[in-house]
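> Predicted structure and sequence below. I'll ask about it afterward.
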Amino acid sequence: MNSTLIAAMIGSITTIISPILVYLIKRKLDENRFKHISKERISALTGIWNDIMIHPSENNRTELRLQITCKIQLRGSKIIGLAEYTYNGVIVAAEMSGWLLDSNYAKLEYWDRNPHIIRHGTVMTKLSSDGTTLKGRMLGYAAEFEDLLTGTFELKKQQ
């Protein structure tokens, strides 16, 4: 067989197999993140959470208080969710995705469900020891303010 043809075949096979191997290795590493976390802690995070999210103004003299509801579930080893709140009569829905960092802390990224609205950010949460409170902070871009927005929350588990 021609050496050029053999090199082309090896290159083609490598091109096809490489992304598959990377995907499988990444998936296995992501699954291993939960090995040290008990099933009870993982299941404590899933469910419906709600309460008030507080956004201080830039000068910290006033604050915006929003009633927020979050639905959190696990899909494989990944946390996924939906957060909804109403601002000026408009229901805002943001999808969330992230990971448990350990048995108490999770890091989530969020983005607006409507792809035409620019709203995204990061949320760090702490799950209480009894699994009934989800406390955290967020930082993100809010389309309604056309600026960065910070906030704190302490959500209570409903289901």
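That came in fine, so what should we check first? Numbers count the residues shown, from 1 in each chain.

> Do a quick rundown of the helices in this protein.
3-32, 39-45 (DSSP state H).

> I'd like these as CSV, with mean pLDDT, distance to Glu109 and mean neighbour count appended.
Every residue, glycine included, has its C-beta placed from N, CA and C. Below are the helices of the chain laid out as CSV (pLDDT from 0 to 100; distance: least, Cβ to Cβ, whole Å; neighbours: other Cβ atoms under 10 Å):
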stretch, mean pLDDT, distance to Glu109, mean neighbour count
helix 3-32, 74, 15, 10
helix 39-45, 83, 16, 14
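
> would you turn the ones you listed into a markdown table with distance to Leu127?
Compiled in a markdown table, the helices of the chain are given as follows (distance: least, Cβ to Cβ, whole Å):
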| stretch | distance to Leu127 |
| --- | --- |
| helix 3-32 | 19 |
| helix 39-45 | 6 |
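
> Would you mind telling me which of those is nearest Leu64?
With Cβ to Cβ, the closest approach to Leu64 among the helices of the chain belongs to helix 39-45: 26.3 Å.

> nearest to Glu84, of the helices of the chain?
With Cβ to Cβ as the criterion, Glu84 lies closest to helix 39-45 of the helices of the chain, at 18.0 Å.

> other SSEs contacting that closest one?
strand 63-75, strand 90-100, strand 120-127 (3 or more Cβ pairs under 8 Å, 6 or more residues apart in numbering; DSSP states H and E).

> Highest mean neighbour count out of those?
Per residue and on average, the most neighbours among the helices and strands packed on helix 39-45 fall to strand 120-127, with a mean of 18 (mean count of other Cβ atoms under 10 Å).

> who's in contact with it?
Applying Cβ atoms under 8 Å, 6 or more residues apart in numbering, the contact partners of strand 120-127 are 41, 44-45, 96, 98, 103-112, 133-141, 149.
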